[in-house]
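In: with the input below, show me the fold.
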Amino acid sequence: MTDDEATHAGSAAGEIPEADLSRVRTVPVAGRPNKVEARQLAAPPPGDASERTFAAFLASLPHVLQAESFLALVDAVAHAVRQRRTVLWMLGGHVVKTGLGPVLVDLMRRGAITHLASNGSAAIHDYEMARWGGTSEDVEAGLADGSFGMADETGRDMNRAFRAGMEAGWGMGESLARDLDARNDLAHPEGSLLLQSRQLGVQYTLHPAIGAEIIHQHPAADGAAIGDTGHRDFRRLAEALVGLDEGGVVVNVGSAVVMPEVFLKALTVARNLHDGRPRAFTSCDLDMQRHYRPRVNVVERPTRSTGGRGFQITGHHEIMVPLLAWSIAERLG
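Out: Residues are numbered from 1 along each chain as shown. As a prediction, the model looks like this:
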């Protein structure tokens, strides 16, 4: 660098060049677009205890980033309910294990869930809770001696239900719901998603992954029955997705791989059969961690080019799902 070039760079000759800040162009604050304005800020809790309602809490949230996304999701579900669009909830097993069955049953009653779709884990935990009032074993302890996942009644009766379903032409979720509905010795029927969905007329489709569920290692496991009823539920889900068109909502909670993959394939079947529908729906991944497949297969790819919106809101299920449920109930009035 010559002495003249060094001077233009704001440095004395022979020194390392520095930017000359005296030459930068500034702009007036009034002419700069702002991402955050005062009207978006959060409000503190009211001083009067009688005014500290859940509606006041919702109104107090800042309209910024994930709080704004959360409020948009709440409004989307409420709009879908009023417009009678499909509101699909896709579940992983952790959602049931964290005790959220009764909350989801209530959303079904309010019309804020019109279709449940889950992996096998969610159905197993729900079935055990309904039958015996408890679920979720110590995997590491059972793995040491090979007793993990070997509960006899769970594998025997669920696989028996699948065989009955294959013979009758039922779906996998329907087969379990019918099995539970026929029993009079259930320990916890009121919180069962399988049973209550059947009684409320909400479709529950179940999407197995062979070898990933404890009931597949039971002597009663029947690959033909699992495949037949599981594939019927895939076809039922694909047909149901057209109800998302122009205002429906998909919420994925706690499934990192199976349900996002199933949803993607069912969606392309639906669009193939229905002239590109569904379009313009809202999707959300509501999980305690951010994973690749829920982000691309639920939030981004299905909505980005078809007029929809996608959100990814991160938080623990046992807090976020009740928060969302209360918020939806508040919006619906």
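In: any idea how far the spatially closest residue to residue 156 that is not a sequence neighbour lies from residue 161?
Out: Counting by C-beta to C-beta, 6 or more residues apart in numbering, residue 156 lies nearest to residue 220, which is 4.9 Å off, once chain neighbours are set aside. Any C-beta I mention is one placed from the backbone N, CA and C, and that applies to glycine too. Note on residue 220: its distance to residue 161, by C-beta to C-beta, to the nearest Å, is 10 Å.
In: the two: which has the busier surroundings?
Out: residue 161 (23 against 15; other C-beta atoms under 10 Å).
In: could you measure from the more buried one over to residue 94?
Out: Applying C-beta to C-beta to residue 161 and residue 94 gives a distance of 23 Å.
In: ditto for residue 138
Out: Counting by C-beta to C-beta, the gap from residue 138 to residue 94 is 16 Å.
In: cool, and residue 200?
Out: The gap separating residue 200 from residue 94 is 23 Å, by C-beta to C-beta.
In: and the two? which has more neighbours close in?
Out: For residue 200 versus residue 94, neighbours defined as other C-beta under 10 Å are more numerous around residue 94 (21 against 13).
In: quick one: secondary structure of the more buried one?
Out: When classified by DSSP: H, G, I helix; E, B strand; the rest coil, residue 94 comes out as helix.
In: quick one, what contacts it?
Out: 121, 254, 288, 317 (C-beta atoms under 8 Å, 6 or more residues apart in numbering).
In: how near is residue 48 to residue 60?
Out: 14 Å.
In: looking at those two, which is more packed in?
Out: residue 60 (15 against 7).
In: quick check, pLDDT for that one.
Out: You'll see residue 60 listed with a pLDDT of 97.
In: okay, it and residue 68: tell me how far apart.
Out: 13 Å.
In: what's the helix or strand containing residue 268 packed up against?
Out: Assigned by DSSP states H and E, residue 268 belongs to helix 258-273. Packed against helix 258-273 by the contact rule (3 or more C-beta pairs under 8 Å, 6 or more residues apart in numbering; DSSP states H and E) you find strand 87-91, strand 115-119, strand 203-207, helix 223-240, strand 249-253, helix 301-304.
In: deepest of these, which one?
Out: Counting by mean count of other C-beta atoms under 10 Å, strand 87-91 has the highest mean neighbour count of the helices and strands packed on helix 258-273, with a mean of 28.
In: next, the angle strand 249-253 makes with it.
Out: Between strand 87-91 and strand 249-253, the angle formed by their directions is 10 degrees, by axes from the mean of the first three to the mean of the last three C-alpha atoms, to 10 degrees.
In: my guess is residue 117 contacts residue 204, does it?
Out: Yes: taking C-beta atoms under 8 Å as the definition, residue 117 is a contact partner of residue 204 at 7.5 Å.
In: which neighbours do those two share?
Out: By C-beta under 8 Å, 6+ apart, residue 117 and residue 204 have no common neighbours.
In: one step back: just confirm the residue nearest to residue 156 is within a helix.
Out: No: counting by three-state DSSP, residue 220 is located in no helix; its state is coil.
In: isn't it up against residue 159?
Out: Yes: counting by C-beta under 8 Å, residue 220 touches residue 159, with 4.0 Å between them.
In: for the spatially most central residue of the chain, list each beta-bridge partner.
Out: With distances taken as C-alpha atoms, centre = their mean, residue 252 lies nearest the centre of the chain, 1.7 Å away. For residue 252, the beta-bridge partners are residue 90, residue 285 (DSSP bridges).
In: quick one: it from residue 95, how far?
Out: Distance, residue 252 to residue 95, using C-beta to C-beta: 10 Å.
In: same deal with residue 44?
Out: In terms of C-beta to C-beta, residue 44 sits 32 Å off from residue 95.
In: who has more neighbours out of the two?
Out: Legend: neighbour count by other C-beta under 10 Å for residue 44 and residue 95, higher for residue 95 (28 against 6).
In: and the more buried one, what does it touch?
Out: Counting by C-beta under 8 Å, 6+ apart, the residues that residue 95 touches are 104, 122, 253-254, 317, 321.
In: can you redo those as a markdown table with pLDDT?
Out: Below are the contacts of residue 95 laid out as a markdown table (pLDDT from 0 to 100):
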| residue | pLDDT |
| --- | --- |
| 104 | 98 |
| 122 | 98 |
| 253 | 98 |
| 254 | 95 |
| 317 | 97 |
| 321 | 98 |
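In: just among those, which is most surrounded?
Out: Highest neighbour count within these, by other C-beta under 10 Å: residue 122, with 30 neighbours.
In: so who does that residue touch?
Out: 91-93, 95-96, 193, 254.
In: wait, a strand at it?
Out: No: read with three-state DSSP, residue 122 is helix and lies in no strand.
In: what about it, distance to residue 188?
Out: Counting by C-beta to C-beta - residue 122 and residue 188 are separated by 15 Å.
In: go on, residue 119?
Out: Computed as C-beta to C-beta, the residue 119 to residue 188 distance reads 21 Å.
In: and residue 194, by the same measure?
Out: Where residue 188 is concerned, residue 194 sits at a distance of 12 Å (C-beta to C-beta).
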